[in-house]
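*Asks:* test case, fold it:
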Amino acid sequence: MKISSTRKENFFRPYKLLERFVQMTIKENGFAIYQAKRNSRIISARQFRITLASILFGVLILTCSKTETQPDVIAQVGNRTITSDAFKRAYIPVLMYTNARDNAATRENLLNDLLGQKILAQSAEAMQLDTIAKIDHWVEPVRRNAMLRKVYETNIRDALLEPTDSELRIGFKRSNEDRHVRHLFVPNKSTADSLYLLINSGEAGFRQIAQHVFQDSLLKSNGGDLGWIHFGDLDETLEDTVYALSPGRVSKPTKSAYGWHILTVEDIRRQKLLTESDFQLFKPRLWRTILDRREFSRSREFINAFMRQADIKFDPVVAPMVFRILANRLWALRETMATDKVPEISNREIGIIQNDLAPFMNERLMTFSGESWTVHDLVSHLPFMNARLMFQNLQTATAFLIRDELLLVQAAQAGFEDDPDVQSEIQDRRDQILAQLYLQSKWDSLTISPAALKSYFNTTWEAQYLAPDSLFLEGCYFSNESQASQALIKLNDTNGLADLRSLPPEGHFKSLGWQVRGTTDYPVLYDQVLNSPIHTVKGPINSNGGWWLVEATIRHRYPLPYERVINRVEQDYRDEQWRTFRIKMVEANQDQFKTWVNFELLNELPKKEN
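*Replies:* Okay, here's the model as predicted:
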């Protein structure tokens, strides 16, 4: 049974399509415990905040009647449409990387922003800005990614089978039964068969054999102990083997995508008996777990087979020299960065790299699938290389770049470039660029006076440029934790740390004075009370030679020194002026384009899964 349309529509089930081709880690123990749980990914991603420039111009959105709507179109402005898929592509990052919640207001704010972008893009076309040749170059990365995504969807996602009710029930039983597993892993079946015979004959045990088959010190010393395995941790084949074993039994050699395994179960830990209602409650989560694992497994198998066919071979003489020179240049580039962010390769850096590799540019670097690349071919494709992987392992990054090139050939042969979803994604990127070009063409260079900057700082420092709190700390320290704990209990009937002065003198009171992060002599105490209300006693805290009870009695907040943040203030001020300017430009052009919105479809989009 193929994936249902309901599943395809559930765009809140987060996935990273292209990264699956990259992040396929093969561990020595023979399998990768797939830990990329989708819900936790959303939670962790929300820690990273970006600003969503939502343009609110209420007069723009007009409610449409049923007769005006088109299937799958949320909105139309001029000759541009915003389909539900296009909206989803823009909406997912908003939920993942900001604090925004999925509700009607968030959806309408984003839709307003997208409509504004379409208005500005069409205004750019009226000025013939769409004839700039450089636009195709800027759009190219999105075109590549859209086609690769289509390859992924066609060969992997659309080919997955939904879990049956029987599989879900088996998964439910296993999810409430953990198993302590030990294993051996070897790359080929003949070796696995030999080890299996040794174990069954009693000539050698798991621990003894593990010392010879594993190079990893932990697996070597613990006899291949994997610890407690939970449902969903292993490949389906390995999991089926593990859950078919009773404690003490040894499995026959079992094949996975990584090699051959021999497994044994040492213990079983069962949860309480669960009911049919429990199964129905957990059924959606089980469904996702099984399907996620199948998707990961199929993507790994697909790309491994694809790479084997590619048969990538690097020139043993040229490749090491080229990669060494290129690595030195890339690390020199990264050292110039003020942050840990992976730097992007600009045209200027490409020119420097070309000069560094000038003697080798026409040398053959590698062969694959009956073709060959010179060093010049590699350099010209550097802008499309995975930037993070480039700084970790150039040879691997190059192999993945070749993989993408071959997949793009496959995508072109399949006609994916003409696919409506691919064309929609390319058009969205073009519209982003055109909107930016239009704004830049209308933007007069902003002259910023020192007075304007200082005024902006004075009105925004509490929200944007706040220095660490200054806290006046009072403390009482004790020679041991027990004394401090007893004193804290006594405070339950008192009104603060100062009231301990009337109790037996078990502790030593000390006024710690004003403390600020970065300069305090009591950093542990400061951090403990920083986010607590004034006169809240915290402790016992082991710090500065004793056990402390501590409280902040006064809190002052100050702005960061203006001179230290002036560059940041100027950039923030420019950004605010730019956002204001964008709103004005949208308002100035919106009457030229008829706009309607299908609010019913917008609100019917699937809700975010918990």
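
*Asks:* what is the neighbour count of the closest residue to Phe306 other than its chain neighbours?
*Replies:* Leaving out its chain neighbours, the residue that sits closest to Phe306 by C-beta to C-beta, 6 or more residues apart in numbering is Arg403, at 6.8 Å. Every C-beta, even on glycine, is put in place using the N, C-alpha and C of the backbone. By other C-beta atoms under 10 Å, 19 other residues sit near Arg403.

*Asks:* check the gap between Arg403 and Ile303 for me.
*Replies:* With distances taken as C-beta to C-beta, to the nearest Å, Arg403 is found 7 Å from Ile303.

*Asks:* what about the residue nearest to Phe306, distance to Met366?
*Replies:* 12 Å.

*Asks:* what do you get for Glu462?
*Replies:* 57 Å.

*Asks:* neighbour-wise, which of those two wins?
*Replies:* Comparing Glu462 with Met366 by other C-beta under 10 Å, the one with more neighbours is Met366, at 22 against 11.

*Asks:* and the contacts of the one helix or strand that one maps to?
*Replies:* Met366 is part of strand 364-368, with elements assigned from DSSP states H and E. The contact list for strand 364-368 (C-beta atoms under 8 Å, 6 or more residues apart in numbering) reads 310-315, 318-319, 322, 372-375, 377-378, 398, 402, 406.

*Asks:* how about Ala310, what does it touch?
*Replies:* Counted by C-beta under 8 Å, 6+ apart, Ala310 has contacts 368-369, 402-403, 406.

*Asks:* mind giving me the ChimeraX command for buried ones among the residues you listed?
*Replies:* Provided next is the ChimeraX selection string for whichever of these are buried by 16 or more other C-beta atoms under 10 Å:
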select :368,402,403,406
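
*Asks:* which one among the contacts of Ala310 gets closest to Pro253?
*Replies:* Arg403 (30.5 Å; C-beta to C-beta).

*Asks:* so the closest one sits in a helix?
*Replies:* Yes - assessed with DSSP: H, G, I helix; E, B strand; the rest coil, Arg403 lies in a helix.

*Asks:* so how far is Leu601 from it?
*Replies:* From Arg403 to Leu601 the distance is 38 Å (C-beta to C-beta).

*Asks:* state which helix of this protein is the longest.
*Replies:* Across the chain, the longest stretch assigned as helix under DSSP state H is helix 276-310.

*Asks:* and Gln483, how many neighbours?
*Replies:* 16.

*Asks:* still on that earlier bit, which parts of the longest helix of the chain are buried?
*Replies:* Neighbour-count burial for helix 276-310 [16+ other C-beta under 10 Å]: 279, 282-283, 285-300, 302-303, 306-307, 310.

*Asks:* that one: how far from the chain's middle?
*Replies:* Relative to the chain's own centre, helix 276-310 is displaced by 19 Å; criterion: C-alpha atoms, centre = their mean, to the nearest Å.

*Asks:* what's the angle from that helix to strand 364-368?
*Replies:* Between helix 276-310 and strand 364-368, the angle comes out at 120 degrees (axes from the mean of the first three to the mean of the last three C-alpha atoms, to 10 degrees).

*Asks:* helix 276-310: what's the following helix or strand?
*Replies:* Taking DSSP H and E, what comes next after helix 276-310 is strand 313-314.

*Asks:* give the buried residues for the next helix or strand after that next one.
*Replies:* Downstream of strand 313-314, the next assigned helix or strand under DSSP H and E is helix 318-335. Counting neighbours by 16+ other C-beta under 10 Å, one finds that the buried residues in helix 318-335 are 318-319, 322-323, 325-326, 329-330, 333.

*Asks:* ends of stretch 225-237, how far apart?
*Replies:* 19 Å (C-alpha to C-alpha, to the nearest Å).

*Asks:* which outside residues touch that stretch?
*Replies:* Counting by C-beta under 8 Å, 6+ apart, residues outside stretch 225-237 touching it are 29, 31, 33-34, 171, 174-175, 177-183, 219, 239, 242, 254-257, 269, 289-290, 292-294, 297.

*Asks:* in helices, which of these fall?
*Replies:* Per DSSP H, the subset of the contacts of stretch 225-237 in helices is 171, 174-175, 219, 239, 242, 289-290, 292-294, 297.

*Asks:* that's a helix at Ala411, yeah?
*Replies:* Yes - Ala411 forms part of a helix when assessed by three-state DSSP.

*Asks:* that one contacts Arg149, doesn't it?
*Replies:* No - Ala411 lies out of contact with Arg149 (C-beta atoms under 8 Å); the separation is 9.4 Å.

*Asks:* what about those two, which has more around it?
*Replies:* Set Ala411 next to Arg149 and count neighbours by other C-beta under 10 Å: Ala411 wins out with 23 against 18.
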